[in-house]
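Peer 1: This is the structure alone, sequence omitted:
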Ligand SMILES: [Zn+2]
Ligand SMILES: [Zn+2]
């Protein structure tokens, strides 16, 4: 269902990418490169294929958890508002885990591996998200009482919103910066400047970062990408390089605890292959 929503919105996304590329070209800003865009689009299709593959078992699991739900939310605006907020909170923690647990970073690193930031960067996703277990974060929502269809739809809409924050074209947006995740906040999230690392995990609302101490405003210009860059446009390398590095580190580590730490510790504790 998430696939259908995002693929249905694809013409809108592609239209905005074309518009941004045209605008930047007119202003002689070299943000777009064909190799980067083709790589991003391929990664998006690979990610959709991966999501399609696990859609049925994941829906089954969500239905099983939903059968033991705590509440039944009545239809109406109040329940929709609660869903928007609760799903976004779950997204915040999922995204934070993506950065702080190497098993999850192995997937999410792909999204951060481009030294460019434009709307097409939103397409740069990983096939291996299901293996990293991002779906775990949707289970509390269905247990709470939201239906699997509601949670999946809201997840897709959250990602659709985030498409628009991947841009350098939009500056700061006044009072919206206090409440919403904006292009400015997400530029910081994609930057590898020392003060910007692991900040601004927000999906829709930036309030979670402010609340949980991970917020940093955009002050200095952003340098995008990884601290230790991976220089390739090959979608397979971009998808699997950190998995390989992580498994190699785990094999080389000394003792069970050290091996496990290579899998679930933070990425900067990587033994031999630090890639951030
Ligand atoms: Zn991230
Ligand atoms: Zn992003």
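Peer 2: Nice, I can see it. None of the values given here were measured: they were computed from a predicted structure. Ligands and ions are numbered 1, 2, ... in the order given.
Peer 1: can you list the weak-confidence ranges in the stretch 51-200 of the chain?
Peer 2: Nowhere does the stretch 51-200 of the chain drop to pLDDT under 70.
Peer 1: Do a quick rundown of the helices in it.
Peer 2: Per DSSP state H, counting those that start in this stretch, the stretch 51-200 of the chain carries helices over the ranges 77-100, 102-108, 129-132, 139-144, 148-163, 176-179, 183-190.
Peer 1: Packing partners of the fourth one?
Peer 2: Using 3 or more Cβ pairs under 8 Å, 6 or more residues apart in numbering; DSSP states H and E, the elements in contact with helix 139-144 are helix 34-66, helix 77-100, helix 148-163. Glycine gets a C-beta too; all of them are placed from N, C-alpha and C.
Peer 1: Could you count how many residues lie near residue 92?
Peer 2: As a burial measure, residue 92 scores 24 neighbours (other Cβ atoms under 10 Å).
Peer 1: And the one 10 residues further on, by the same measure?
Peer 2: One way to gauge burial is a neighbour count; for residue 102, by other Cβ under 10 Å, it gives 26.
Peer 1: same check, this time on residue 178
Peer 2: By other Cβ under 10 Å, the residues close to residue 178 number 11.
Peer 1: what about it, distance to residue 211?
Peer 2: With the distance defined as Cβ to Cβ, to the nearest Å, residue 178 ends up 12 Å from residue 211.
Peer 1: quick revisit: I'd like to know which of the helices and strands packed on helix 139-144 is closest to residue 123.
Peer 2: Closest to residue 123 of the helices and strands packed on helix 139-144 is helix 34-66 (Cβ to Cβ; 3.8 Å).
Peer 1: Enumerate the positions of that closest one that are buried.
Peer 2: 36-37, 39-44, 46-48, 50-51, 55, 58, 61-62, 65-66 (16 or more other Cβ atoms under 10 Å).
Peer 1: same check, this time on stretch 79-88
Peer 2: Using 16+ other Cβ under 10 Å as the test for burial, stretch 79-88 gives 79, 83, 86, 87, 88.
Peer 1: What is the nearest of the residues you listed to residue 5?
Peer 2: Nearest to residue 5, judged by Cβ to Cβ, of these is residue 87 at 13.6 Å.
Peer 1: my guess is the closest one meets residue 153, correct?
Peer 2: No - at 9.4 Å, residue 87 does not count as touching residue 153 under the criterion of Cβ atoms under 8 Å.
Peer 1: and the angle from the helix or strand where residue 239 lies to helix 34-66?
Peer 2: In the assignment (DSSP states H and E), residue 239 maps to helix 235-252. Interaxial angle of helix 235-252 relative to helix 34-66 (axes from the mean of the first three to the mean of the last three Cα atoms, to 10 degrees): 60 degrees.
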